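Need a 3D model of the following:
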Amino acid sequence: MSPSSHAALSPVRLAVDCMGGDHGPSVTLPACQAFLRKHPQAELLLVGTEQALAAARGWERCTFVTASEVVTMDDPVEVALRRKKDSSMRVAISLLKAAEGERARADACVSAGNTGALMAVARYVLKTLPGIDRPAIATVMPNRRDGYTTMLDLGANVDCTAEHLLQFAVMGSALVAAVEGKEEPTVGLLNIGEEAIKGSDTIKQAAELLREAAAAGQLNFHGNVEGNDIFKGTTDLIVCDGFVGNVVLKASEGLAAMLAEFIRQEFTRNAFSRMAAVVALPVLRHFKARLDHRRYNGAALLGLRGLVFKSHGSADAFAFENALARAYDAARNRLLDRVHDRILGTLQPSVPGAAVHAA
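So this is what the prediction gives:
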């Protein structure tokens, strides 16, 4: 039984880069404490400097792993990868490939650190799964069906080939199946229109590959979708290149913040507005919660030989706790094995059956 399969039956162990992000331990440690209270089957490997971790000494279900360096939010990738070899980020990722039987082996890793550095270090330490050329970043967005739409890539790969988009669809399908329990999630390809004749040559080629995979029973391809389909919930999963995905992500976060501020201003303008706000309070609270990007914090770096989750660098304790919960759910539901199995069934890599957890 592989470590990720075993995680479904035994405590799930998360490696946490406690030093990453804009706020470091002042956010990550309270988030870890809140997460442990809600997840009695979880164990944490807290990685950071000895001084930073001192506040958590004595916590139950925690192992403390010391790192002497910290990757800052503005460190170039080269610095994180080549110079800071004992950073909390790198040490936390390395715990995913600890030798069998070691106490400090993690089922998943969570960091709020520099995205470029995290992707580079994770790819260098863990390597990619057989059949995957590039890892991708995937997260969820709220839709009007009171559910979520999973989307990737969100910034890891600016220039993508049609084959890359097919790989994203395979990995994203495994993510939705593992975390949401939808074994055959619908897949949409983000385009400027639903018609097959629209889009760039790359998008048209990707659509053809996705249709072929669907005809072979390997994917549940819905077809082309447009930007508004993300929030309609037209499909469970939407695939795009990292440039488009990152623009969509940032624009949606900005729109949610603008709407929340607009509502606040409108309902505090005068006495009548304040009375209306009291009547509408339950609806407004639900609306605010649905748009709160902190609830959806925690993006999966898919395609690696280990589970790595990226938190927003500016995340507060509530948001970082949600990132921990997403990593926990992914490990508990054997996401890594599911991705590996779908790759073998769809992409047929040149090294069939290669071990998921190989160094």
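
can you pull out the helices in this structure?
With DSSP state H, the ranges of helices along the chain come out as 3-6, 25-38, 50-53, 77-78, 88-94, 115-126, 162-180, 201-215, 229-232, 242-266, 271-279, 281-291, 317-332, 335-346.

where in this structure is pLDDT low?
For the chain, the stretches flagged by pLDDT under 70 are 1-9, 98-104, 263-264, 266, 272-274, 276-291, 348-359.

Okay, domains of it per the record?
According to automatic domain parsing, the chain comprises the domains 1-129+303-334+355-359, 133-295.

Return the most buried member of those.
Greatest average neighbour count among those goes to domain 1-129+303-334+355-359 (a mean of 20), per mean count of other Cβ atoms under 10 Å. Yep, even glycine has a C-beta here, placed from its N, CA and C like the rest.

can you pull out the strands in the stretch 1-150 of the chain?
Remark: strands assigned in the stretch 1-150 of the chain by DSSP state E, counting those that start in this stretch are 12-17, 42-48, 62-66, 108-111, 136-142, 148-152.

quick one on the thing from earlier: mind checking which of the domains of the chain is nearest residue 346?
For residue 346, the closest of these is domain 133-295, at 4.2 Å, according to Cβ to Cβ.

isn't residue 309 right up against residue 326?
Yes. Residue 309 lies in contact with residue 326 (Cβ atoms under 8 Å); the separation is 6.0 Å.

what sits in contact with each of these two?
The contact sets of residue 309 and residue 326 overlap at 298, 300 (Cβ atoms under 8 Å, 6 or more residues apart in numbering).

picking that back up, now the strands of the stretch 1-150 of the chain as JSON lines including distance to residue 73?
Formatted as JSON lines, these follow (distance: least, Cβ to Cβ, whole Å):
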{"stretch": "strand 12-17", "distance to residue 73": "12"}
{"stretch": "strand 42-48", "distance to residue 73": "16"}
{"stretch": "strand 62-66", "distance to residue 73": "22"}
{"stretch": "strand 108-111", "distance to residue 73": "11"}
{"stretch": "strand 136-142", "distance to residue 73": "17"}
{"stretch": "strand 148-152", "distance to residue 73": "23"}
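
closest one to residue 84 among the ones you listed?
When those are compared (using Cβ to Cβ), the closest one is strand 12-17, at 12.2 Å.

who's in contact with the closest one?
So strand 12-17 is contacted by 7, 28, 32, 39, 41-48, 65, 88-89, 92-93, 95-96, 105-113, 324, 327-328, 331-332 (Cβ under 8 Å, 6+ apart).

And for stretch 40-59?
11-19, 24-25, 29, 32-33, 35-36, 61-68, 70, 88, 91-92, 95, 104, 106, 328, 332.

So for that stretch, first residue to last residue, what's the gap.
Length of stretch 40-59, first residue to last, Cα to Cα, to the nearest Å: 13 Å.

How far does it sit from its chain's centre?
23 Å (Cα atoms, centre = their mean, to the nearest Å).

Could you do stretch 15-24 as well?
On Cα atoms, centre = their mean, the centre of stretch 15-24 falls 16 Å from that of its chain.

One more: stretch 324-332?
Remark: stretch 324-332 is offset 10 Å from the chain centroid, using Cα atoms, centre = their mean.

With stretch 55-75 instead?
Centroid displacement of stretch 55-75 relative to its chain, using Cα atoms, centre = their mean, is 21 Å.

do the same with stretch 322-342
That offset, for stretch 322-342, works out to 10 Å (Cα atoms, centre = their mean).

Spit out the contact partners of the residue nearest to residue 74 when sequence neighbours are not counted.
Distances taken as Cβ to Cβ, 6 or more residues apart in numbering put residue 114 closest to residue 74, at 7.5 Å, once the chain neighbours are dropped. By Cβ under 8 Å, 6+ apart, the contact list for residue 114 reads 20, 71-75, 80, 89, 313.
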